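K.L.:
Need coordinates for the below:
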Amino acid sequence: MRSQLKRTISVAGLALACLLVQAAALAQFSVIYSFGTGSPAGYYYPTFCLRIGKTLYGTTSYGGQYGNGTIFTMDTSGIVSVVHPFTNSDGSVGFCTMVNSGGWIYGAAVYGGANNQGFIFRMKPNGSLYSVLFTGSTDSTSTGQLFIAGVLNGVIYGSGQQGGVYGYGTVWSMRTDGSNFTLLHSFAGTDGIEPAQPTLVAPSRYTAPVLVGGAESGGSSDNGVIYRMNLDGSGFAVLHAFDGSDGPSPEFPQVLLGGMLFGDCRGGPSYNRGTVWKLDGTGFTVLHQFSGTDGADPCAQLLLNGTLYGQTDSTATSGTGEIYSIVPNGSGFTILHVFNPSVDGWGASSLKDYNGVLYGTASNGGVNGGGTAFKFVP
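P.N.:
Alright, predicted model coming up:
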């Protein structure tokens, strides 16, 4: 009887320990804000575009004061303030990229604006002195559906997925006051179509600054490319042309680490569910193929403390996405969290880090139905 009682207590203790471990694991993920029709910040497709200190800057696509979405700030506890509500005159956002430079925030919207081809804006971090610097279009001498890469020496660099000489998108630059807009490169199809947000690689003691980016289609096999170019538009080169066996349609942004470039694709060779890849001086390597059972449609990649963290849009078990991690050499792939759509939200959107903690957004769902902001402690 005593031995049976001991076994019972031991089993009960083990079960309790397992529950505590599971609770600790679940405690790593928490929703810090749920967007919805009653949210002052708006709702649907919330995206963290920028972090300054412990303040996260983001955008929504609907709602807010004028119904066109907002630019909002959120602290790491989930307290939200609206710094700019989008009006009919400056359009809605859809998706936004931002950079911080010289006491200004510069942003680019993929949609909205007078031509619904996006716009470039700037504002002070508190939302004051907001102004539209450039309105996108599909003209051959202009560009639309805009992204910002960065600011260097008073010049903004970015890309557009529409417009340019051939209509397949561009890489562009302009002064920080909106003057001197210049098309640095017009994609012709064989060198890429619909370029996504490029990365501005800052100068070092040994290298000049360059732009590195990906185009979602085009190239020799029409599966997208990775390219580099100088800031004056010279030296454009395709570093890798995807052929379908290595994952078509590269996503953005790319992650740099010690001369290596990391990224992901939504397609893939065996399962067509996406890949994580690496490009360095030795060539191109697929680090992980998603099969569907371990996630599908990866995006929102981030490097943190030597580990790559990312989100997927769906999984086999939930269809609503996950957070995963992988070591830069391709080992140690781990599913860290699977989203519950009614609570956590669904649809991967963005990831930022602060003091070793990941902060991200889900595009839709959550308790208020309009997406969520969350934090995750790895």
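K.L.:
what stretches of the protein score poorly on pLDDT?
P.N.:
Applying pLDDT under 70 to the chain flags the ranges 1-27, 88, 91-92, 94, 205-206, 252-253, 268-271, 316-319.
K.L.:
repeat that for 50
P.N.:
Residue ranges of the chain with pLDDT under 50: 1-27.
K.L.:
Can you pull the phi/psi pair for the closest residue to Asp222 other than its chain neighbours?
P.N.:
In this structure, Asp222 finds its nearest non-sequential neighbour in Ile193, 7.8 Å apart by C-beta to C-beta, 6 or more residues apart in numbering. Quick note: C-beta positions are derived from backbone N, CA and C, even for glycine. Ile193 adopts backbone torsions of phi -140, psi 140, taken as degrees, to the nearest 10.
K.L.:
Could you do the one 10 residues further on as well?
P.N.:
Phi and psi for Pro203, reported as degrees, to the nearest 10, are phi -70, psi 150.
K.L.:
ditto for the one 10 residues further on
P.N.:
With angles defined as degrees, to the nearest 10, Gly213 sits at phi -160, psi 180.
K.L.:
Does it touch Gln254 like I think?
P.N.:
Yes. Assessed by C-beta atoms under 8 Å, Gly213 is found in contact with Gln254 at 7.2 Å.
K.L.:
which neighbours do those two share?
P.N.:
199, 226 (C-beta atoms under 8 Å, 6 or more residues apart in numbering).
K.L.:
show me where this protein has helices.
P.N.:
2-27 (DSSP state H).
K.L.:
Against Asn68, how distant is Val286?
P.N.:
40 Å (C-beta to C-beta, to the nearest Å).
K.L.:
Neighbour count for these two, which is higher?
P.N.:
Using other C-beta atoms under 10 Å, the more surrounded residue of Val286 and Asn68 is Asn68, with 21 against 16.
K.L.:
what is the more buried one paired to in the beta sheet?
P.N.:
Gly63 (DSSP bridges).
K.L.:
Return the residues in contact with Ala202.
P.N.:
150, 152, 209.
K.L.:
Got a PyMOL select line for the buried ones in the residues you listed?
P.N.:
In PyMOL, a selection of the buried entries from the contacts of Ala202 looks like this (16 or more other C-beta atoms under 10 Å):
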select buried, resi 150
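K.L.:
Restricted to strands, list the contacts of Ala202.
P.N.:
Among the contacts of Ala202, the members falling in strands (DSSP state E) are 150, 152.
K.L.:
Dump the contacts of Ala202 to JSON lines, plus distance to Leu351.
P.N.:
Below are the contacts of Ala202 laid out as JSON lines (distance: C-beta to C-beta, whole Å):
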{"residue": "Gly150", "distance to Leu351": "18"}
{"residue": "Leu152", "distance to Leu351": "24"}
{"residue": "Pro209", "distance to Leu351": "25"}
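K.L.:
So which of the contacts of Ala202 is the closest to Gln301?
P.N.:
Among the contacts of Ala202, Gly150 lies closest to Gln301 (C-beta to C-beta), at 17.6 Å.
K.L.:
quick one: contacts for the closest residue to Ala237 other than its chain neighbours?
P.N.:
Leaving aside its sequence neighbours, Ala237 sits nearest to Arg228 (C-beta to C-beta, 6+ apart; 5.7 Å). The neighbours of Arg228, taking C-beta under 8 Å, 6+ apart as the test, are 210-213, 235-237, 239.
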